[in-house]
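>>> Whatever this is, show me its structure:
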Amino acid sequence: MNRFISAIEAAGGRVRISATYRPKERAYLMHYSAAIARGSVAPSRVPAMAGVDIEWDHGTDGESRAAAREMAAAYNIVYPPALRSRHTERGAIDMTISGLRNKTVRDASGAEVLIKKDSDLYAVGESYGVKKLRSDPPHWSDNGD
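Numbering: from 1, shown residues only. Predicted coordinates:
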């Protein structure tokens, strides 16, 4: 991962990292706040988690969903978070990459790759063992999940 980020920066790009390792407690809060906010899980059906003192049920579905939406917004959730993911397993990073259009980036073999669109960077990442989860804009991992 570090070599990939270094190649981006050496080419004049910028990398803003927003998430790396996600402890299971944070994954729990993110997962269920997003699920309640979307209405896919009733607050009363969320299982308790040891070490996490939270009340999901605020009396009415509307109040519970509003509180969950507030929490999900505070986490800046872009893609519905899983309870177990490459983040909880220390295999993923969320990063926003900018400033690379019409610049060349060296892949792991040293070849220069012209970046005309964001997706041109995917093959460069893969050369470093960093794979893009295309459905989740900031998410990169060691296996594409």
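>>> I'd like to check what contacts stretch 22-30. Which residues are they?
49, 51-52, 54, 71-72, 75, 77, 81-85, 87-88 (CB atoms under 8 Å, 6 or more residues apart in numbering). Glycine gets a C-beta too; all of them are placed from N, C-alpha and C.
>>> Please, a PyMOL command that selects the buried ones among the residues you listed?
Per 16 or more other CB atoms under 10 Å, the buried members of the contacts of stretch 22-30 correspond to this PyMOL selection:
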select buried, resi 71+72+81+85+87+88
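>>> So among the contacts of stretch 22-30, where is pLDDT lowest?
Among these, Ile77 has the lowest pLDDT, at 87.
>>> Output the host helix or strand of Leu29 as CSV, restricted to C-alpha atoms.
Using DSSP states H and E, Leu29 maps to helix 24-38. C-alpha atoms of helix 24-38 as CSV (Å, rounded to 0.1, in the frame of the first residue of the first chain):
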residue,chain,number,x,y,z
LYS,A,24,-15.1,-4.3,15.6
GLU,A,25,-16.9,-1.9,17.9
ARG,A,26,-16.7,0.9,15.4
ALA,A,27,-17.8,-1.5,12.6
TYR,A,28,-20.8,-2.5,14.8
LEU,A,29,-21.8,1.2,15.3
MET,A,30,-21.3,2.0,11.6
HIS,A,31,-23.2,-1.1,10.4
TYR,A,32,-26.2,-0.7,12.6
SER,A,33,-26.5,3.1,12.4
ALA,A,34,-26.6,2.8,8.6
ALA,A,35,-29.0,-0.2,8.6
ILE,A,36,-31.4,1.6,11.0
ALA,A,37,-31.2,4.8,9.0
ARG,A,38,-32.0,2.9,5.8
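>>> in that helix, what's buried?
26-37.
>>> and of those, the nearest to Gly129?
Gly129 has its nearest neighbour among the buried residues of helix 24-38 in Ala27, at 23.5 Å by CB to CB.
>>> Disregarding flanking residues, what is the spatial nearest neighbour of Arg16?
Thr96 (4.6 Å; CB to CB, 6 or more residues apart in numbering).
>>> Cheers, nothing more for now.
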